[in-house]
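1. the following block contains a protein sequence and its predicted model.
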Number of protein chains: 2
Amino acid sequence: MSVTAVRYFVGDQTVPALPDLDRGLAYGDGLFETVRAHQGRMHWWPAHWQRLQRGAAMLRITLPDERIVLAEATRLLDGGNVVLKLVVTRGSGGRGYSPVQACVPNWTLSTHPLPPSPAAGLSLRWCDTRLALQPALAGIKHCNRLEQVLARGEWDDPAIDEGLVCSSEGDVVSATAANVFILRQGAWSTPQVDRCGVAGVCRAWALKALPAREARLAVTDVEAADAVFLCNGVRGILPVARLGARTWQPHLQVVALQHRLAAEHPAFATEVS
Amino acid sequence: MSVTAVRYFVGDQTVPALPDLDRGLAYGDGLFETVRAHQGRMHWWPAHWQRLQRGAAMLRITLPDERIVLAEATRLLDGGNVVLKLVVTRGSGGRGYSPVQACVPNWTLSTHPLPPSPAAGLSLRWCDTRLALQPALAGIKHCNRLEQVLARGEWDDPAIDEGLVCSSEGDVVSATAANVFILRQGAWSTPQVDRCGVAGVCRAWALKALPAREARLAVTDVEAADAVFLCNGVRGILPVARLGARTWQPHLQVVALQHRLAAEHPAFATEVS
């Protein structure tokens, strides 16, 4: 299945289109998840839903019934190997920032083709766009993503796969659409996401699997690393081969982590040789 | 006209609903304006459109043809005394932050009832929510407004009209949906909006009319002020009577500014006694 399918819902009802005055459209007042599906099943669904619940608690957004979302998603997936995207907004609520009028969420499901497998290591660049420090929104996958759009818009060279982004204080945070891990002096670490950035589902898996620690990382920490990988719930573990002029050879520990992920998550089993 | 009407467009075409995979819904990847209309005419339309153009340049969003937007807006206004809201998004562009695929904007028009006239002075509170410092998005009226939603969600006491919000560094920035001006030692000032906040249309008018200067303002500057008012393009000049325990009597200079606005902008002529 490569054609995108989109469905719209209000609470537990199907609707033909996004309702008028949706607050996601108005203010980015919503949350989203992108979930890798293999043969119609979403192995990491519980972790995605838990992150959605954390976001909904922080923003005081009412979530739809998980059973209905999962049933509709499974129907839309139709056994396919695709990416499912779920967007949940606070609902429709007139003009004005006050969230109290909107209490029945609008939500959409869409399916998208799988991204290409990471054949070789990724080529990265540094982005000039900085991520603002906002603890009230950090860690969750909310729909205010203009910073990521600006960062991703900095390059259109297809030879560059991703960009690393720093906070306004200069700490490394993540790639535009993935978390980052580095190996230095025998220890793995990944940036904290308590002031900006997203707490990725694959990041949480890798933190335990390696194990790794959360830390404040400087640009020089990444450039001096012995190995670097990106990760997200859709693409899994992505070895980094190049960052500007810096290059890395494939690293045994990253290959081992890819194999471990392949053993645990069936969608990634076909991508490891 | 009190019932909300909503229209959707793609480029220069009318469509029945928001198109699938709209980037405004996905990422808040858009801009908006709320414009006061009097007898179907929008006196400050040029200033609103200029701010939209500034935002579009910063975000590299393609705007629809202004003549078409204005013609459709005028038709929707139908001679009424209402608020017109325009949302322009980057368009529809699949999954992923890269903005290059989307180049035909989606846009919506909606009309909303006028807010109540500011009979007496407003009662304000301080919000706990802080605005993050992001110069790349400051000043423009983009659709990433979760900070404002969080700030406005801090109270539901109808006796409180608005909340003042500070930046993460503690400077006063604005109200949740209005700019703020203060009079101290005979001089008017309003916060700079170069790191966060919105450069309001009525703010620009008041900056010239008073005149006032842009400055970094501390909480204590506001509390020690001889007069305070809020302003925005929909509600005009809004005298402040109370901020927590601090109260102000009506100030002649604020009343004079209201009368000057009433003389220049017909929508506000009916609201001044």
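-> Cool, the structure landed.

2. only C-alpha atoms for contact and neighbour calcs from this point on.
-> Fine.

3. in contact with A:C103, which residues?
-> Listed by CA atoms under 8 Å, 6 or more residues apart in numbering or on different chains, the contact set of A:C103 reads A:61-62, A:90-91.

4. any idea how far B:L210 is from it?
-> As judged by CA to CA, to the nearest Å, A:C103 and B:L210 stand 42 Å apart.

5. kindly report the same for A:A26.
-> Distance from A:A26 to B:L210, by CA to CA: 32 Å.

6. who has more neighbours out of those two?
-> Neighbour tally, A:A26 and B:L210, criterion other CA atoms under 10 Å in any protein chain shown: the higher count belongs to A:A26, 30 against 16.

7. contacting residues for the more buried one?
-> Listed by CA under 8 Å, 6+ apart, the contact partners of A:A26 are B:24-25, B:28, B:32, B:87, B:143.

8. then it would be within a strand, right?
-> No - counting by DSSP: H, G, I helix; E, B strand; the rest coil, A:A26 falls outside a strand, being helix.

9. gap between it and A:G96?
-> Per CA to CA, A:A26 is found 9 Å from A:G96.

10. pull out the buried residues from whichever strand or helix holds A:L52.
-> Taking DSSP states H and E as the definition, A:L52 sits inside helix A:45-59. Across helix A:45-59, burial judged by 16 or more other CA atoms under 10 Å in any protein chain shown covers A:45, A:47-49, A:51-53, A:55-56, A:59.

11. check stretch A:167-183 too.
-> Residues A:167-168, A:171-183 are the ones in stretch A:167-183 that count as buried (16+ other CA under 10 Å).

12. identify the residues contacting the nearest residue to A:G170 once chain neighbours are set aside.
-> Among residues not flanking A:G170 along the chain, A:A218 sits closest, at 7.0 Å (CA to CA, 6 or more residues apart in numbering or on different chains). By CA under 8 Å, 6+ apart, A:A218 lies in contact with A:170-172.

13. as CSV, those residues with secondary structure would be great.
-> Output for the contacts of A:A218, formatted as CSV (three-state DSSP):
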residue, secondary structure
A:G170, coil
A:D171, coil
A:V172, strand
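
14. let me know the closest of those residues to chain B.
-> Closest to chain B out of the contacts of A:A218 is A:G170 (13.3 Å), distances taken as CA to the nearest CA.

15. got the contact list for the closest one?
-> Taking CA under 8 Å, 6+ apart, we find A:G170 in contact with A:130, A:218-219.

16. next up, phi/psi of the residue nearest to A:L124 when sequence neighbours are not counted, please.
-> Sequence neighbours aside, A:L243 is the residue nearest to A:L124 in space, at 4.6 Å (criterion: CA to CA, 6+ apart). When read as degrees, to the nearest 10, the backbone of A:L243 gives phi -140, psi 100.

17. what about A:L243, neighbour count?
-> 20.

18. close enough to count as contact, it and A:A159?
-> No - with contact defined as CA atoms under 8 Å, A:L243 does not reach A:A159; the gap is 11.7 Å.

19. which residues do those two both contact?
-> A:S123.

20. in stretch A:237-244, what counts as buried?
-> A:237-243.

21. and it, what's its mean pLDDT?
-> Mean per-residue pLDDT for stretch A:237-244: 97.

22. so A:D157 sits in a helix?
-> No - assigned with three-state DSSP, A:D157 falls outside any helix and is coil.

23. before we move on, back to that, of the buried residues of helix A:45-59, closest to chain B?
-> A:L59 (7.1 Å).

24. for that closest one, give me its contacts.
-> With CA under 8 Å, 6+ apart, A:L59 has these contacts: B:L150.

25. where does pLDDT dip in the stretch 51-200 of chain A?
-> Low-confidence regions of the stretch 51-200 of chain A, defined by pLDDT under 70, span residues A:94-95, A:119.

26. strands of that one, start to end?
-> A:82-89, A:106-112, A:122-131, A:162-167, A:172-175, A:179-184, A:187-191 (DSSP state E, counting those that start in this stretch).

27. out of these, the one nearest B:V193 is which?
-> Across the strands of the stretch 51-200 of chain A, B:V193 has its closest neighbour in strand A:122-131 (17.6 Å, CA to CA).

28. neighbouring contacts of the closest one?
-> A:147, A:150-151, A:154, A:159-168, A:170, A:196-197, A:238-244, B:134, B:136.

29. stretch A:69-83 too?
-> With contacts defined as CA under 8 Å, 6+ apart, stretch A:69-83 is touched by A:1-2, A:5, A:34-41, A:84, A:109-114, A:234, A:267.

30. 7 Å instead, please
-> With CA atoms under 7 Å, 6 or more residues apart in numbering or on different chains as the test, stretch A:69-83 has contacts from A:1, A:34-40, A:109, A:111-114, A:234.

31. can you check stretch A:232-249 too?
-> Stretch A:232-249 has contacts (CA under 7 Å, 6+ apart) with A:34-36, A:83, A:118, A:121-125, A:178-179, A:200-203, A:223, A:227-231, A:254, A:258.

32. start and end of it, how far apart?
-> Stretch A:232-249 has its terminal residues 21 Å apart, counting by CA to CA.

33. ok, now stretch A:207-223?
-> One end of stretch A:207-223 to the other measures 21 Å (CA to CA).

34. could you pull out the buried residues of that stretch?
-> Burial within stretch A:207-223, assessed by neighbour count using 16+ other CA under 10 Å, is assigned to A:207, A:210, A:212, A:217, A:222-223.

35. A:A267 in helix, strand or coil?
-> Classification of A:A267 by three-state DSSP places it in helix.

36. next up, the contacts around it.
-> For A:A267, the contact set (CA under 7 Å, 6+ apart) comprises A:37-38.

37. tally of neighbours for A:L261?
-> A:L261: 21 surrounding residues under other CA under 10 Å.
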